[in-house]
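Below: sequence and its predicted model.
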Amino acid sequence: MERAFAKLLDKHGVPWEYEPQTFVLERNPDGSVHEALTPDFYLPDQDCFIETTVARHCLTAKKRRKARQVVERYGVMIQVLNRHDLLELAKRWRWRGLERAVHKQPY
């Protein structure tokens with residue numbers, strides 16, 4: 001699904017980087033990472049991170065919570081795109097590859 005999304009960005013000439021940065025949200029007492037978010041894409045021209053997910057709503061809510069924490073702590077822009085959002089993009093941009101990839105993913 002991420003590959004199909006990347007192809008959609010390429011098709012429309014949108015520069016992107018794949019998982020360029022991990023944002024640490026919480027550390028264990030020994031200093032190791034307990035909770036973090038690594039957004040799937042960074043769009044440098046928009047200075048925006050994109051996290052794509054086709055997971056169930058309860059798991060998507062967790063990603064949205066993490067994204068809000070990253071925005072508050074690091075001051076970056078993150079957009080979480082869920083299954084519905086990705087299907088809407090595929091429809092709007094007429095990209096069957098993304099639509100097929102989303103539907104292939106377990107829900």
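Looks like it arrived, so ask away. Owing to the predicted nature of the structure, the values given are computational and were not obtained by experimental measurement.

what's the average pLDDT for stretch 66-85?
Averaged across stretch 66-85, pLDDT comes to 94.

What residues sit buried inside it?
By 16 or more other CB atoms under 10 Å, the buried positions in stretch 66-85 come out as K66, A67, Q69, V70, I78, V80, L81, N82, R83, D85. (C-beta placed from N, C-alpha, C; glycine too.)

and the gap between L81 and H34?
In this structure, L81 lies at 26 Å from H34, with CB to CB, to the nearest Å as the measure.

now C58
Distance check for C58 against H34: by CB to CB, it reads 20 Å.

what comes up buried for stretch 37-51?
L37, P39, D40, F41, Y42, L43, F49, I50, E51.

Need phi/psi at the last one.
Spelled out, that is E51. Backbone dihedrals for E51, given as degrees, to the nearest 10, come out at phi -110, psi 120.

thinking it is in contact with M77, fair?
No - here E51 does not reach M77: they are 11.4 Å apart, not a contact under CB atoms under 8 Å.

Quick check: bridge partners of F49?
Listed by DSSP bridges, the beta-bridge partners for F49 are Y42, I78.

and R96, what pLDDT?
So, for R96, pLDDT stands at 75.

How far does the helix of greatest length in the chain sit from its chain's centre?
Taking residue count as the measure and DSSP state H as the definition, the longest helix of the chain comes out as helix 57-74. Between the mean C-alpha point of helix 57-74 and the mean C-alpha point of its chain there is a distance of 11 Å (CA atoms, centre = their mean, to the nearest Å).

other SSEs contacting that helix?
For helix 57-74, the contact count by 3 or more CB pairs under 8 Å, 6 or more residues apart in numbering; DSSP states H and E identifies strand 23-27, strand 33-37, strand 77-81 as packing neighbours.

what ranges of the protein fall below the confidence cut-off?
Regions of the chain meeting the criterion pLDDT under 70 cover residues 105-107.

Show the contacting residues for the spatially most central residue of the chain.
Against the mean C-alpha coordinate of the chain, by CA atoms, centre = their mean, the closest residue is E51 at 0.9 Å. With CB atoms under 8 Å, 6 or more residues apart in numbering as the criterion, the residues that contact E51 are L37, P39, D40, K63, A67, I78, Q79, V80, L81.
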